[in-house]
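> here you go, sequence then predicted model.
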Amino acid sequence: MDTLPCEVLVNILCRLSLKHVHQLQTVSKLWFKIISSPHFRRLYNVKSMNRPQARVVQVPDTKFSPSWEMISRTIIISAMDLNIDNGEIHEEFSFEDIMSPQHSFTISSNLIIFNHKVCNPTTKEIIDIPISSHPSISFDATYIPSNNTYKVVHLYGTKPGHDYNFNYGNTPVEFRFETLTLRDGGPIPSSWKALTHQEWFSSKIESTCVNGVVHWLLERGLRKERRIISMDIESENFLSSIGCPNNPYVEEAPILENVQLADLNGRLCLAYYSEELLRMDLYFVKDRTNQEWVKEHTINLSAGMGSWFKIVGYVQLQGNNGDIVIDGKQLILYNIEENRFRSLPRPKMNIHIGLYFDRCFKLESTMQQTDRFSI
């Protein structure tokens, strides 16, 4: 191995699991230097995007006060290999989350955000982030490959109310945005960066990130007008908003759970789900300037999926082929080209599922640079 050119060694190490990469830091000072370098960490993170797994977050136990207020909950972090039929769910670690007056929970771009805390399941770190002075609507995290950073976007309202499930009925209120940048190894910023952009809406329905652009599906008014607000995460510039395509199956009586934004193979998708017809229609933006959508696929689901669904993401296979991961009462992989379903094991307890990628990223530096060869 010592005779290999450095670029060949780096290419080999980038193909390994992060667990093994961390172990190999102890081989020699040279390997430690290579693996610890910003260049290797950025390259590894880019290559890992082709190796998705499922991150499973389970909440099996919740404690309540005598007045039935939620006090705490147990959170179990697990992983599952999507490339293996009937792949087992492997528990990695767990922790107790103490409830705050404004409690929230989301899995976004490999991070878990809850109660103004961020958990990196890869390193098992849990850090505090600054508490915002504004009532929360939602948090979205996005990874930026060019500089190996995460950016957390906080969407908030100007009128006090419940956090996360922010809904003022038919009354539009001012929505604003602020950001927080997390760098590999820290330090954690002490405050949020406020953006000048504002929107007037009644509620947030969905959000997703596609190729470095965050998209929020918002709703307002008696007619429940829906628009998609988009922001380039690195430049923090907002793009022109677009309307949603009409779907005859939910047009007359729209239900929030019947529509979802998703990243499908690097493309923004809006999915409508009709429980009565057991079908999912997938729309993609054809021309953003003219706000033109096209329905490219219809997926006929089984009755076992239930009245709720969520597109978890897209698993790339060979060429342009790939599987759409769909979570409902069942967890399935659907291949559009082959019209093939594959079921995966799903725990029965309260869970959240998101795509996960091995990523060299530490929220905080926990050691000084010494001759030690371990993280």
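Received it, and whenever you're ready, just let me know what you need. Numbering: from 1, shown residues only.
> hey, let's count contacts and neighbours off CA atoms from now on
Fine.
> please report the distance of Ile113 from Trp216.
Here Ile113 is placed at a distance of 17 Å from Trp216 (Cα to Cα, to the nearest Å).
> which of these two has more neighbours?
With other Cα atoms under 10 Å as the criterion, Ile113 and Trp216 differ in neighbour count, and Ile113 comes out ahead with 24 against 20.
> quick one: contacts for that one?
The contact partners of Ile113, taken as Cα atoms under 8 Å, 6 or more residues apart in numbering, are Ser104, Phe105, Thr106, Ile107, Cys119, Phe139.
> swap in Thr181?
Residues in contact with Thr181 (Cα under 8 Å, 6+ apart) are Thr149, Tyr150, Lys151, Val152, Pro189.
> and it, what pLDDT?
Thr181 carries a pLDDT value of 96.
> and if you look at Glu251?
51.
> same question for Asp287.
85.
> re the thing from before, from the contacts of Ile113, pick the one nearest Arg220.
Taking Cα to Cα as the measure, Phe139 is the one of those closest to Arg220, at 20.0 Å.
> burial of the closest residue to that closest one other than its chain neighbours, as a residue count?
Closest residue in space to Phe139, ignoring its immediate chain neighbours: His154 at 4.7 Å, by Cα to Cα, 6 or more residues apart in numbering. When neighbours are counted by other Cα under 10 Å, His154 registers 22.
> gap between His154 and Asp358?
Going from His154 to Asp358 by Cα to Cα gives 25 Å.
> next one: Leu16
Going from Leu16 to Asp358 by Cα to Cα gives 10 Å.
> and what of Asn321?
Distance of Asn321 to Asp358, computed by Cα to Cα: 22 Å.
> looking at these two, which has the bigger crowd around it?
Ranked by neighbour count (other Cα under 10 Å), Asn321 and Asp358 place Asp358 first, with 22 against 13.
> was I right about that one contacting Ser17?
Yes. With contacts defined as Cα atoms under 8 Å, Asp358 counts as touching Ser17 at a distance of 7.0 Å.
> partner strands of the one helix or strand the residue nearest to Phe139 maps to, with direction?
Assessed by DSSP states H and E, His154 sits inside strand 149-157. With DSSP bridges as the test, strand 149-157 is paired with strand 136-144 (antiparallel), strand 173-183 (antiparallel).
> any idea how far the closest residue to Ser241 other than its chain neighbours lies from Trp216?
In this structure, Ser241 finds its nearest non-sequential neighbour in Ile229, 4.8 Å apart by Cα to Cα, 6+ apart. Per Cα to Cα, Ile229 is found 5 Å from Trp216.
> now do the helices in the stretch 1-150 of the chain.
Using DSSP state H, counting those that start in this stretch, the helices found in the stretch 1-150 of the chain span residues 6-13, 18-24, 29-36, 38-47.
> Ser274 is in contact with Leu282, correct?
No. Counting by Cα under 8 Å, Leu282 stays clear of Ser274, with 11.8 Å between them.
> tell me who's in contact with the nearest residue to Asn237 once chain neighbours are set aside.
Leaving aside its sequence neighbours, Asn237 sits nearest to Met231 (Cα to Cα, 6+ apart; 5.6 Å). Counting by Cα under 8 Å, 6+ apart, Met231 makes contact with Val213, Val214, His215, Asn237, Phe238, Leu239.
> next one: Glu338
Neighbour list for Glu338: empty [criterion: Cα under 8 Å, 6+ apart].
> run the last query once more with 10 Å
Listed by Cα atoms under 10 Å, 6 or more residues apart in numbering, the contact set of Glu338 reads Asn321, Gly322, Asp323.
> what's across from Glu219 in the sheet?
On the basis of DSSP bridges, Glu219 is bridged to Ser203, Arg226.
> which pLDDT value goes with it?
pLDDT, Glu219: 87.
> next, count neighbours for it.
24.
> sweet, I'm off.
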